[in-house]
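Asker: Here is the input, now give the coordinates:
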Amino acid sequence: MKSGNEHQENGQNHRKSLSNDLQDGSGSEKLWGGRFARELDKKVETFSASLSFDRRLAREDILGSIAHCRMLVHTGIISAEDGVLIEQGLNEIEQELEQGTFPFDPAYEDIHMNIEKRLTEKIGPTGGRLHTARSRNDQVALDMHLIVRKETHQVDGLLRNFQEAIITLAENAQDVIIPGYTHLQRAQPVLLSHHLLAYFWMLQRDRERLGDLYSRADLMPLGSGALSGTGFPIDREFTARELEFERLYENSMDAVSDRDFVIEFLSCAAMLMMHLSRLSEELILWSSQEFSFIELADEFATGSSMMPQKKNPDIPELVRAKTGRVYGNLMALLTVFKGLPLTYNKDMQEDKEPFFDTIDTIKSVLEIFPPMLLSMEIKRDRINRALNDDFSTATELADYLAQQGVPFRESHRVVGEIVRFCLDKGKKLPDLTSKELQGFHPMLQSSEARAVLDHRTAVTARRCRGGTSPEALREQLQRAKEFLGKSVFG
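Answerer: Numbers count the residues shown, from 1 in each chain. From the prediction side, this is the model:
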């Protein structure tokens, strides 16, 4: 790394060459207009402009510009006086953005040029020195890295709140047994809390994916120029420290053309929405009259304009639908990038709208879902009636025979015949007498055999780690709380 004196000497030489770069160009108002003799067609200007959506990068753009300015001063590329003036102007612009008074001008295409033009209006030609040793290519790449890092942390916080809501709900429903399903057919009884905690662990994996993604968003591209770096004596490590980046891109062409981290964020978001869509589907089913296991609070349901009896689960239905929207954003960006040659191409402007739409979608979902879950009513009487109307303890009877030394395949056949008998006679398993059970196998005559048909007994027997017994559930809750207390960001 060069010493401060070496940077200062090189910077003085480079500053002499800057004065010509600070002119307005050949009459064009575009900051890049010097090359062009005629003005841009207005339709092209409208078609290619990105200000309507990349204005959301304004604060990241200022943050990156301040760090870049400090690096230019540190290396002597611009004077300390110019640096003070530039940073002061950027801080004033940030205040304008916060107050909603910043004069956005669509004629300046994007947020970068709007800020640079406003800076020049505020502090004069000195504002033009800020863009020294920088291109919009590495500038926008930096902005995207900064916003993905920020949003990853914010989404992780919302996911953690969601997990806390699931733990609270699971702790409050530890005594509730529901039918467990495979193929949407009643299979075995499980604790409702055990069922809910399955989503805790899905969300935990979602958080861990975000933590893993963060390491690839934590790469600093600034200093790569348009594609080949810069001839100015910059100090990229200094800029990285200013912006708290862990690593630098080692290849300038890779740095300006990479949007893997954006696509990976959309992939993580798609996986997250898939999990929330599955939970939404269950809430929709459980709140139907056919199930009636839960009732959503009035604050999180809607009615019908025609049918006065209706209470519709609109929120989970919308979550289920918005999942497709997030999938579409991921596929859109994968398709945009699949054929791009190195390095920067205008196509890459299309990364922002899918990203911003995905952020807005998943944040709105993660904010509304926890209070909806915590406010829903669990209809215990209806759940108990459903339990008493199925054959979900049949496996317990087969397991009992196996424990008595009967080969499991024979046990399975015997219990299948018992279920068939019940269906023919219109009976349930607990309705069978000891004599009827003994008729299928002599090992079934004992009271122990009949006891395993109780749903609570069946649930309690699943004591293995990860099982649905109350004991295993308490251990699982403890482990969930331990995971909740750990950061996923290395």
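
Asker: and the closest residue to Arg136 other than its chain neighbours, helix, strand or coil?
Answerer: Spatial nearest neighbour of Arg136, chain neighbours left out: His112 (5.4 Å); criterion: Cβ to Cβ, 6 or more residues apart in numbering. Backbone N, C-alpha and C define where each C-beta goes, glycine included. Classification of His112 using DSSP: H, G, I helix; E, B strand; the rest coil returns helix.

Asker: What residues does His112 make contact with?
Answerer: Counting by Cβ atoms under 8 Å, 6 or more residues apart in numbering, His112 touches 61, 136, 139-140, 143.

Asker: Now do the helices in the stretch 51-200 of the chain.
Answerer: Per DSSP state H, counting those that start in this stretch, the stretch 51-200 of the chain has helices spanning 51-54, 58-74, 80-99, 111-123, 136-172, 192-217. These are given in chain order.

Asker: Deepest-packed of the ones you listed, please.
Answerer: Burial of the helices of the stretch 51-200 of the chain is given as mean neighbour count (mean count of other Cβ atoms under 10 Å); helix 58-74 ranks first at a mean of 23.

Asker: on contacts alone, who are the packing partners of that one?
Answerer: Secondary-structure packing of helix 58-74 (3 or more Cβ pairs under 8 Å, 6 or more residues apart in numbering; DSSP states H and E): helix 4-15, helix 80-99, helix 111-123, helix 136-172, helix 236-242.

Asker: report the angle between the axes of it and helix 111-123?
Answerer: 60 degrees (axes from the mean of the first three to the mean of the last three Cα atoms, to 10 degrees).

Asker: outside of helix 58-74, which residues touch it?
Answerer: By Cβ under 8 Å, 6+ apart, the list of residues contacting helix 58-74 from outside reads 4, 7, 11, 78-80, 82-83, 86-87, 90-91, 93-94, 97, 102, 111-112, 115, 129-130, 132-134, 139, 142-143, 146-147, 150, 222, 234-235, 238-239, 242-243.

Asker: Strands of the stretch 351-490 of the chain, residue ranges please.
Answerer: Taking DSSP state E, counting those that start in this stretch as the test, the strands found in the stretch 351-490 of the chain are 377-378.

Asker: ditto for the stretch 201-350 of the chain
Answerer: According to DSSP E, counting those that start in this stretch, the strands that the stretch 201-350 of the chain contains are 219-220, 247-248, 294-295.

Asker: can you put those in JSON lines and add distance to Gln478?
Answerer: Shown next, in JSON lines, are the strands of the stretch 201-350 of the chain (distance: least, Cβ to Cβ, whole Å):
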{"stretch": "strand 219-220", "distance to Gln478": "37"}
{"stretch": "strand 247-248", "distance to Gln478": "36"}
{"stretch": "strand 294-295", "distance to Gln478": "26"}
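
Asker: Mean neighbour count, the ones you listed: which tops it?
Answerer: The most buried one of the strands of the stretch 201-350 of the chain (mean count of other Cβ under 10 Å) is strand 219-220, showing a mean of 24.

Asker: could you give the mean pLDDT of it?
Answerer: For strand 219-220, mean pLDDT is 98.

Asker: Straight-line length of stretch 215-233, end to end?
Answerer: End-to-end distance for stretch 215-233: 28 Å, by Cα to Cα, to the nearest Å.

Asker: contacting residues around the residue lying closest to Ala480 once chain neighbours are set aside?
Answerer: Using Cβ to Cβ, 6+ apart and skipping residues adjacent in sequence, the residue nearest Ala480 is Phe200, 5.3 Å away. Contacts for Phe200 (Cβ under 8 Å, 6+ apart) come out as 163, 166-167, 170, 480.

Asker: Closest to Val262 out of those residues?
Answerer: Nearest to Val262 out of those is Gln163 (Cβ to Cβ; 25.4 Å).

Asker: Tell me how far the closest one lies from Leu473.
Answerer: For Gln163, the distance to Leu473 equals 16 Å [Cβ to Cβ, to the nearest Å].

Asker: Please apply the same query to Ala173.
Answerer: If you go by Cβ to Cβ, the gap between Ala173 and Leu473 works out to 10 Å.

Asker: which residues are in contact with both of those two?
Answerer: With Cβ under 8 Å, 6+ apart, Ala173 and Leu473 have common neighbours 191, 193.

Asker: Just the pLDDT for Asn13.
Answerer: Asn13 is assigned a predicted lDDT (pLDDT) of 50.

Asker: tally of neighbours for the nearest residue to Gly211 once chain neighbours are set aside?
Answerer: What sits nearest to Gly211 in space, not counting adjacent residues and going by Cβ to Cβ, 6+ apart, is Val488, at 3.2 Å. Val488: 20 surrounding residues under other Cβ atoms under 10 Å.

Asker: can you check Ala386 too?
Answerer: Residues near Ala386, counting by other Cβ under 10 Å: 17.

Asker: ok, now which ones touch the nearest residue to it once chain neighbours are set aside?
Answerer: In space, and not counting its chain neighbours, Ala386 is closest to Pro179: 5.8 Å by Cβ to Cβ, 6+ apart. By Cβ under 8 Å, 6+ apart, the contact list for Pro179 reads 186-187, 189-190, 383, 386-387, 390, 392.
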